[in-house]
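Asker: give me a model of this one.
(chains A, B, C and D)
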Protein chains: 2
Amino acid sequence: MKTPRDYQTLKSLIMDRKPDLPKRLAQVAVFALDNPDEIAFGTAASIADSSGVQPSTLVRFAQAIGYDGFSDLQTVFRERLRERGSSYDDRLETIMETMGDNGVNKIFSGVIAAASASIDTMVSRVSSQTFEDAVKLLAGAETIYLLAQRRSFPVSTYLAYVLGKMKVRTQLVSSPFGIEPEMMDFASRRDAALAVSFAPYSSGTVDHARILDRAGVPIVSITDSAFSPLTPMSKLWFEIAESDFAGFRSITATMALANAIAIGIGEERRRLRLP
Amino acid sequence: MKTPRDYQTLKSLIMDRKPDLPKRLAQVAVFALDNPDEIAFGTAASIADSSGVQPSTLVRFAQAIGYDGFSDLQTVFRERLRERGSSYDDRLETIMETMGDNGVNKIFSGVIAAASASIDTMVSRVSSQTFEDAVKLLAGAETIYLLAQRRSFPVSTYLAYVLGKMKVRTQLVSSPFGIEPEMMDFASRRDAALAVSFAPYSSGTVDHARILDRAGVPIVSITDSAFSPLTPMSKLWFEIAESDFAGFRSITATMALANAIAIGIGEERRRLRLP
DNA sequence: TGTTTTCTGGAATTTTCCTTCCAAATATAT
DNA sequence: ATATATTTGGAAGGAAAATTCCAGAAAACA
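Answerer: As a prediction, this is how the structure comes out:
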């Protein structure tokens, strides 16, 4: 029974063995799989330091799972980095080859490729000015109303969570009782709204946006066309073209944008010393 | 004038200097830029051997371009590999150039780069076998239980929506009344579960997964470490390492994976002529 | 509870590897 | 063509790192 020379096999080996290992060696096992880069680059001393054990323990660990010593084990971790070296396209190609024409796996590659493409497109289409203005507008709001339904709904739940963590007041306009309009009763021009909707535009989102617009609430939208019903009532809007795969549209780029907006708001408010 | 600590700058430095260097040193310069991986991993002796010079020449080369010694220079080559792993910095640099670098926009670039990096990492880490097995397992289930809380919650709402559209029966285990356990009362081995949780693992998700595990429901997890509390009870699990930007982790890669899984399930059920 | 086994930390040892040095070789200038 | 400066190869020295060893601590067992 020889010791693994590739990272994947080594990984399963370590996981198999971990339950039987004594405390310190198990600690090394966890550290190694959580920080493979560190193992690849560090010296025994530095790794020992950051994983909280003695250098000798590293050697013992390597021997416990069958290697000559720590250096021997380390080469496997380095090999892993070598392999990872190829570019995204190379890798995608490799994956396609390994997968053959098996239906299910084509989906994986395809969806990931679509996600990547969507993000790349977004980078080239979204103007930095729009982003900056949107962040500043939303950061200055007392309450941010989040409008999204159906496929876009997860975007608003995500925003509600992240902004909540940052202590930014949000109102997720969504109710099991259908009282969404009432949820916006207190909205004023000191607030702001972020609406997300793609074709076919959910009527709810558009209606809610209209209500807020009439109340003088500035609206930022994320949508997919300049002719979206949201654009006429939006102060600012982002046009996102999500690539699709086999007719299924991804929402990866939208999530990434939402993520950036949320972090931007957090930073901007911190800069302005807002609560 | 300090020596470069990043590979890009070092590269230009070497190219600038090369014409003025003596023969052997120039030879090293060419070799270094042609085989950066070799420099990163090799020892002075091994590199000297494959580049056809003496070890001392390598030291001289490093000193000629301003470094303390060969080891000092080598760290820069190693750093490059570290970064390429996520390919994060390369991308960031490219994006930064197109976007300018004022405060708010740095965030946009950074978050997008992190999202891209996460997806890339996922492509290289997720095994096609795991994906295929997971899709087949979930596609065969009568009901798919969706387990996720806090930051991961949007992933499950997204899945609930997309799978619902595909007429796949799902149960989003989430209740404002705290009756999540009761929602799983009818779960059986003919069902399946998809659990999503990242460190610090939300106790709710883990508890719910345990309940389903005891009921014999096969579990597929999306998590961030081989030692996550979810892995022991999972039939299959995906390890996703989301890159972070300024301490904010993205969930883009997770969403992309969820997207792929959902579409995979849809296709697989269509293939099997399931309702 | 006492005994034996296993495990751990740290020091000692050995190995590996980087660096320096010097003599020989090559190039450059007069 | 000769002298001087620069460059090169290889060996010796020295630093750093991995490994081994041992004594004490912890755990397992009787």
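Asker: got the buried residues for the strand or helix carrying A:I47?
Answerer: Assigned by DSSP states H and E, A:I47 belongs to helix A:44-51. By 16 or more other CB atoms under 10 Å in any protein chain shown, the buried positions in helix A:44-51 come out as A:44, A:47-48, A:51. For every residue, glycine as well, the C-beta is placed using N, CA and C.
Asker: just stretch A:19-27 next, same as before
Answerer: Neighbour-count burial for stretch A:19-27, counted by 16+ other CB under 10 Å, picks out A:21, A:24-27.
Asker: does stretch A:45-62 reach DNA strand C?
Answerer: Yes: using CB under 7 Å from any atom of the strand, stretch A:45-62 comes into contact with DNA strand C via A:53-57, A:60.
Asker: low-scoring stretches of the stretch 151-275 of chain A, by residue?
Answerer: A:246-247, A:274-275 (pLDDT under 70).
Asker: would you state the helices of it in chain order?
Answerer: A:153-165, A:180-183, A:203-214, A:252-271 (DSSP state H, counting those that start in this stretch).
Asker: just put those helices in TSV and tack on mean neighbour count and distance to chain B.
Answerer: Compiled in TSV, the helices of the stretch 151-275 of chain A are given as follows (neighbours: other CB atoms under 10 Å in any protein chain shown; distance: least, CB to the nearest CB, whole Å):
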stretch	mean neighbour count	distance to chain B
helix A:153-165	22	4
helix A:180-183	14	16
helix A:203-214	18	14
helix A:252-271	24	4
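Asker: and the ones you listed as TSV, adding distance to B:N35?
Answerer: Below are those laid out as TSV (distance: least, CB to CB, whole Å):
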stretch	distance to B:N35
helix A:153-165	43
helix A:180-183	62
helix A:203-214	55
helix A:252-271	35
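Asker: tell me the contacts of the residue of the stretch 1-150 of chain A found nearest DNA strand D?
Answerer: Of all residues in the stretch 1-150 of chain A, A:G69 sits closest to DNA strand D, at 2.2 Å by CB to the nearest atom of the strand. Counting by CB atoms under 8 Å, 6 or more residues apart in numbering or on different chains, A:G69 touches A:59, A:62-63.
Asker: restricted to buried residues, select the residues you listed in PyMOL.
Answerer: Selection command for PyMOL covering only the buried members of the contacts of A:G69, criterion 16+ other CB under 10 Å:
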select buried, chain A and resi 59+62
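Asker: hmm, the helix holding A:I47 touching DNA strand D?
Answerer: Yes: using CB under 7 Å from any atom of the strand, helix A:44-51 comes into contact with DNA strand D via A:44-45.
Asker: distance of A:V196 relative to DNA strand D?
Answerer: A:V196 sits 51 Å away from DNA strand D, going by CB to the nearest atom of the strand, to the nearest Å.
Asker: A:I219 is in contact with that residue, correct?
Answerer: No: counting by CB atoms under 8 Å, A:V196 stays clear of A:I219, with 11.1 Å between them.
Asker: which of these two has more neighbours?
Answerer: A:V196 (28 against 23; other CB atoms under 10 Å in any protein chain shown).
Asker: quick one: residues contacting that one.
Answerer: Applying CB under 8 Å, 6+ apart, we find A:V196 in contact with A:147-148, A:152, A:155-156, A:205, A:221-223, A:254, A:258.
Asker: near chain B, anything from the helix or strand A:V111 falls within?
Answerer: Counting by DSSP H and E, the element that carries A:V111 is helix A:103-125. Yes: on the criterion CB under 8 Å from any CB of the partner chain, helix A:103-125 is in touch with chain B at A:103-105, A:107-108, A:111-112, A:115-116, A:119-120, A:122-124.
Asker: now, of those, which are buried?
Answerer: Buried subset of the residues of helix A:103-125 next to chain B (neighbour count, 16+ other CB under 10 Å): A:104-105, A:107-108, A:111-112, A:115-116, A:119, A:122-123.
Asker: let me have the buried residues of stretch A:19-27 in JSON lines, extended by distance to B:A40 and pLDDT.
Answerer: Below are those laid out as JSON lines (distance: CB to CB, whole Å; pLDDT from 0 to 100):
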{"residue": "A:L21", "distance to B:A40": "31", "pLDDT": "88"}
{"residue": "A:R24", "distance to B:A40": "30", "pLDDT": "91"}
{"residue": "A:L25", "distance to B:A40": "29", "pLDDT": "92"}
{"residue": "A:A26", "distance to B:A40": "30", "pLDDT": "90"}
{"residue": "A:Q27", "distance to B:A40": "28", "pLDDT": "90"}
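Asker: so which of those sit within helices?
Answerer: Using DSSP state H, the subset of the buried residues of stretch A:19-27 located in helices is A:24-27.
Asker: thought A:A258 was touching A:V155?
Answerer: Yes: taking CB under 8 Å as the definition, A:A258 is a contact partner of A:V155 at 5.1 Å.
Asker: which neighbours do those two share?
Answerer: Shared contacts of A:A258 and A:V155 (CB under 8 Å, 6+ apart): A:196, A:222.
Asker: these two touch, right, A:L272 and A:V135?
Answerer: No: between A:L272 and A:V135 there is no contact under CB under 8 Å: 11.4 Å.
Asker: follow-up on the earlier one: in TSV: the contacts of A:G69, plus pLDDT, secondary structure and distance to B:S243.
Answerer: As requested, the contacts of A:G69 are arranged in TSV below (pLDDT from 0 to 100; DSSP: H, G, I helix; E, B strand; the rest coil; distance: CB to CB, whole Å):
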residue	pLDDT	secondary structure	distance to B:S243
A:V59	93	helix	32
A:A62	92	helix	29
A:Q63	91	helix	34
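Asker: which single one of the contacts of A:G69 is nearest to A:F77?
Answerer: Nearest to A:F77 among the contacts of A:G69 is A:A62, at 10.8 Å by CB to CB.
Asker: grab the nearest non-local neighbour of that closest one.
Answerer: Leaving aside its chain neighbours, A:A62 sits nearest to A:L73 (4.0 Å; criterion: CB to CB, 6 or more residues apart in numbering or on different chains).
Asker: wasn't that neighbour part of a helix?
Answerer: Yes: judged by DSSP: H, G, I helix; E, B strand; the rest coil, A:L73 forms part of a helix.
Asker: contact partners for the residue lying closest to A:T157 once chain neighbours are set aside?
Answerer: Spatial nearest neighbour of A:T157, chain neighbours left out: B:P154 (4.6 Å); criterion: CB to CB, 6+ apart. Applying CB under 8 Å, 6+ apart to B:P154 gives the contacts A:154-155, A:157-158, A:161, A:255, B:251, B:255.
Asker: and those residues, which two are furthest apart?
Answerer: Greatest spatial distance among the contacts of B:P154 (CB to CB): A:Y161 and B:M255, at 13.7 Å.
Asker: using CSV, lay out the contacts of B:P154 together with distance to B:M184.
Answerer: As requested, those are arranged in CSV below (distance: CB to CB, whole Å):
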residue, distance to B:M184
A:P154, 22
A:V155, 27
A:T157, 21
A:Y158, 25
A:Y161, 23
A:M255, 28
B:I251, 24
B:M255, 25
